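Undergrad: When you get a sec, could you give me coordinates for this:
(2 chains)
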2 protein chains.
Amino acid sequence: MSDSPLSIGIDFGGTSVKIAVVDRSHIIDHAPPIATQDFEGPEQLIEAMVRAVEDLGARHPGIKAIGVGMPGFVNFEKGIVYGLTNVKNWENIPLKTILSEKLGLPVVVDNDANCMAFAEWKCGAGQGFEHVVFVSLGTGVGGAVIANGQMIRGAMHGAGEIGQTSIDYQGRMGHYGNVGALEEYVGNREIATAAHEAYIAAGIQKSLEDCTPAALAAAAHAGDPIALAQWDSVARMLATAAMNFCWLLNPQAIVIGGGVARSGELLFKPFNRYLASQLSGPFIDHLAVSPAAFGHEAGAIGAAAMAREIA
Amino acid sequence: MSDSPLSIGIDFGGTSVKIAVVDRSHIIDHAPPIATQDFEGPEQLIEAMVRAVEDLGARHPGIKAIGVGMPGFVNFEKGIVYGLTNVKNWENIPLKTILSEKLGLPVVVDNDANCMAFAEWKCGAGQGFEHVVFVSLGTGVGGAVIANGQMIRGAMHGAGEIGQTSIDYQGRMGHYGNVGALEEYVGNREIATAAHEAYIAAGIQKSLEDCTPAALAAAAHAGDPIALAQWDSVARMLATAAMNFCWLLNPQAIVIGGGVARSGELLFKPFNRYLASQLSGPFIDHLAVSPAAFGHEAGAIGAAAMAREIA
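TA: This is a model prediction of the structure:
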């Protein structure tokens, strides 16, 4: 048995709810995934989560606390889920109170991006730093901010919405009327669409499905100049947003996670070049830019790490 | 005599060094301004500052600490001035150590924007908030960030460089190679230049000197449609940057100071409209946007307020 208290990390996704027993930064056991859409609303789904945690608790008697990462808007202090992006009927659910009453353990609830960032900060690529900006690149673009050794959640727990920040005051309209929203440029779909258009403009037949970030990475590795130019463009736009975070917050580390970050040097090499060329010494000389250490498990590991801090 | 400890606030400017005795948020006495450019380098100028503080101290025996706001790059923790924007020969000067040894009082040294923000946060328009973004609009555009009830200085004390953040990834080149730097759009000179060009395009003869923000404000108040359109444009660009700070940090307050902010509703009315139209509820419903409470005295009052906290 470990000296460190075990905790439960719950990664609540639009497709499935994954529940893991975490020992420091390692998942040592997990429950069978719960299919989110099999449930009409929160009540039954929470019951299923409770049963899964109880089953795991029976196998691991040392569990001290539970952390939950939710894909939506959460009041961290009160542990209330105000609403979820892709799951119906979750409105104003006091998840922290419900779970802690049913399970008799301390519970912490935060949004999923904060949980992923927490994993990177406490056990991953941002470890040891006091000032970290975490960016998650996928269909949606999100993130989180750590400053002065604290998670910055802001007035209404909304901080870290990196995908909604603007890179062009005359640019594309974001979901909230926010002109130039980064997500409209470097989200998975937007990367694929831009690549598709570039191929068509060059007279090359490609389906949109053959322009996903993964496909574009494969093409770029094979030397395809259009794919390489697309990665350069993504890096340039992302570097503009990152530069903004640097001038504003002067972080020690920028950690980039999510599927798009798996393209590795195709993204990071031009990204670092664009970033360095737009910052002065004190902002770039001490800045570490890293891919996230954790992949799909980041949410559960981060939620469990948050739980361990309150246990 | 007041219950609150008196402190000295020093506003070190490129033209003059202003030294004030501050009681809470009020300047109760001050030394004659010291002409910055009359001195070849730091040694003599620091001597003049020391004598002025000693004179003030002789008149006000209750002084407990000294705060200095510097127009440049400062290591807040160590109190070292790395370099100043418009003053020569100030390089790696351990100002905090020098002043505290010569004067026998605790000294705090920070950059001027942080001092102004501190004044607004502790005694002005940002009072009572835990999360504040301060923007200073002038020839240069600067600012500061307060989050979780703390000043955010970042890894190398560089945080808050709001004028260097980008509003256009394909835009104008900033001083540091930073493309789309806000300062290149809403700095005093840039506002005047844009207005001048708009008048010329409309066939109206105006000198560049007649297009300063103050002149543009007067013209707009008189109903001049070109001047009104210019304020709308400035507000739109500034709102893009402000929107970025909101999505990233979810502040409770945005406080805007500096000369340009004195245009009042000409700026604030369209600014608030552009900002509100680009934020979702949790970001805008609880956000206070205010002009700074302090004018020219903000730097000295803020430096003195910082000093009071360490006294």
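Undergrad: gap between A:His196 and B:Gln170?
TA: 21 Å (CB to CB, to the nearest Å). Placement of C-beta: from N, CA and C, glycine included.
Undergrad: Compare the two (neighbour count), which wins?
TA: Taking other CB atoms under 10 Å in any protein chain shown, A:His196 and B:Gln170 do not tie; A:His196 has more neighbours (19 against 14).
Undergrad: Just to check, the more buried one is in contact with A:Ile204?
TA: No - A:His196 lies out of contact with A:Ile204 (CB atoms under 8 Å); the separation is 9.9 Å.
Undergrad: how much does the lengthiest helix in chain A deviate in direction from helix B:225-249?
TA: When chain A is scanned for its longest helix (criterion: DSSP state H), the result is helix A:225-249. For helix A:225-249 against helix B:225-249, the angle by axes from the mean of the first three to the mean of the last three CA atoms, to 10 degrees is 90 degrees.
Undergrad: Do any residues in helix A:225-249 lie close to chain B?
TA: Yes - for helix A:225-249, a contact with chain B is found by CB under 8 Å from any CB of the partner chain, at A:Arg236, A:Met237, A:Thr240, A:Met243, A:Asn244, A:Phe245, A:Trp247, A:Leu248, A:Leu249.
Undergrad: same deal with stretch A:286-298?
TA: Yes - judged by CB under 8 Å from any CB, stretch A:286-298 comes into contact with chain B through A:His286, A:Leu287.
Undergrad: pLDDT (mean, whole number) over that stretch?
TA: For stretch A:286-298, mean pLDDT rounds to 96.
Undergrad: residue contacts, the residue nearest the centre of chain A?
TA: When CA atoms, centre = their mean is applied to chain A, the residue found nearest the centroid is A:Ala113 (3.8 Å). Neighbour list for A:Ala113: A:Phe134, A:Ser136, A:Gly142, A:Gly143, A:Ala144, A:Gly160 [criterion: CB atoms under 8 Å, 6 or more residues apart in numbering or on different chains].
Undergrad: Quick check: the fifth one touching A:Phe134?
TA: If I follow you right, that is A:Ala144. Yes - with contact defined as CB under 8 Å, A:Ala144 counts as touching A:Phe134 (4.7 Å).
Undergrad: Pull up the overlap in contacts between these two.
TA: A:Ala113, A:Met116, A:Ala117, A:Gly160.
Undergrad: So which of those residues belong to helices?
TA: A:Ala113, A:Met116, A:Ala117.
Undergrad: neighbours around the last one, how many?
TA: Counted by other CB under 10 Å, the residues lying close to A:Ala117 total 31.
Undergrad: Any stretches of chain A with poor pLDDT?
TA: A:1-4 (pLDDT under 70).
Undergrad: show me where it has helices.
TA: Under DSSP H, chain A gives helices at A:42-59, A:95-103, A:112-123, A:183-186, A:188-201, A:213-221, A:225-249, A:265-276, A:281-284, A:298-310.
Undergrad: how about stretch A:135-154, does it reach chain B?
TA: Yes - contact between stretch A:135-154 and chain B, assessed by CB under 8 Å from any CB, occurs at A:Val145, A:Ala147, A:Asn148, A:Gln150, A:Ile152, A:Arg153, A:Gly154.
Undergrad: How about exporting stretch A:99-107 as PDB, limited to the C-alpha atoms?
TA: The C-alpha coordinates for stretch A:99-107 follow below in PDB (Å, rounded to 0.1, in the frame of the first residue of the first chain):
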ATOM      1  CA  LEU A  99     -22.100  12.700  -4.000                       C
ATOM      2  CA  SER A 100     -20.600  13.500  -0.600                       C
ATOM      3  CA  GLU A 101     -23.800  12.700   1.200                       C
ATOM      4  CA  LYS A 102     -24.300   9.400  -0.600                       C
ATOM      5  CA  LEU A 103     -20.600   8.400  -0.400                       C
ATOM      6  CA  GLY A 104     -19.500   9.900   2.900                       C
ATOM      7  CA  LEU A 105     -16.300  11.300   1.400                       C
ATOM      8  CA  PRO A 106     -15.100  14.800   0.600                       C
ATOM      9  CA  VAL A 107     -15.900  15.700  -3.000                       C
END
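Undergrad: Can you report how many residues lie near A:Arg189?
TA: 15.
Undergrad: From what I see, it and A:Thr139 are in contact.
TA: Yes - between A:Arg189 and A:Thr139 there is a contact at 6.5 Å, judged by CB under 8 Å.
Undergrad: anything in contact with each of these two?
TA: With CB under 8 Å, 6+ apart applied, the contact sets of A:Arg189 and A:Thr139 do not overlap.
Undergrad: can you list the domains in chain A?
TA: Domain assignment for chain A, taken from automatic domain parsing, gives A:6-118+A:297-310, A:127-291.
Undergrad: contacting residues for the closest residue to chain B within the stretch 201-311 of chain A?
TA: Distances between the stretch 201-311 of chain A and chain B by CB to the nearest CB are smallest at A:Asn250, namely 2.5 Å. By CB under 8 Å, 6+ apart, the contact set of A:Asn250 is A:His131, A:Pro282, A:Phe283, B:Arg153, B:Gly154, B:Ala155, B:Met156, B:His157, B:Gly158, B:Ala159, B:Glu161.
Undergrad: could you redo the last one with a cut-off of 7 Å?
TA: Residues in contact with A:Asn250 (CB atoms under 7 Å, 6 or more residues apart in numbering or on different chains) are A:His131, A:Phe283, B:Gly154, B:Ala155, B:Met156, B:Gly158, B:Ala159.
Undergrad: now, the most widely separated pair of those?
TA: A:His131 and A:Phe283 (11.3 Å; CB to CB).
Undergrad: Specify the beta-bridge partners of A:Gly9.
TA: A:Ala20, A:Gly67 (DSSP bridges).
Undergrad: in stretch A:155-164, what counts as buried?
TA: Within stretch A:155-164, the residues that count as buried by 16 or more other CB atoms under 10 Å in any protein chain shown are A:Ala155, A:Met156, A:His157, A:Gly158, A:Ala159, A:Gly160, A:Glu161, A:Ile162, A:Gly163, A:Gln164.
Undergrad: what do you get for stretch A:221-240?
TA: Going by neighbour count (16+ other CB under 10 Å), the buried part of stretch A:221-240 is A:224, A:226-228, A:230-240.
Undergrad: Quick one: residues in contact with stretch A:295-307.
TA: Contacts for stretch A:295-307 (CB under 7 Å, 6+ apart): A:7-11, A:18, A:20, A:22, A:25, A:27, A:65-69, A:108, A:110, A:112, A:115-120, A:122-123, A:257, A:292, A:294.
Undergrad: how far away is A:Gly57 from chain B?
TA: Taking CB to the nearest CB, to the nearest Å as the measure, A:Gly57 falls 33 Å from chain B.
Undergrad: which residues touch the residue nearest to that residue when sequence neighbours are not counted?
TA: Spatial nearest neighbour of A:Gly57, excluding adjacent residues (CB to CB, 6 or more residues apart in numbering or on different chains): A:Ile63 at 5.4 Å. Contact analysis of A:Ile63 by CB under 7 Å, 6+ apart lists A:Leu6, A:Ser7, A:Ile8, A:Val21, A:Gly57, A:Leu105.
Undergrad: how far away is A:Ile63 from A:Val21?
TA: From A:Ile63 across to A:Val21, the span is 7 Å (CB to CB).
Undergrad: where do the contact lists of the two overlap?
TA: With CB under 7 Å, 6+ apart, A:Ile63 and A:Val21 have common neighbours A:Leu6, A:Ile8.
Undergrad: what's the spatially most distant residue from the centre of chain A sitting at in phi/psi?
TA: Most distant from the centre of chain A: A:Gly203, at 36.2 Å, with distances by CA atoms, centre = their mean. Phi and psi for A:Gly203, reported as degrees, to the nearest 10, are phi 80, psi 20.
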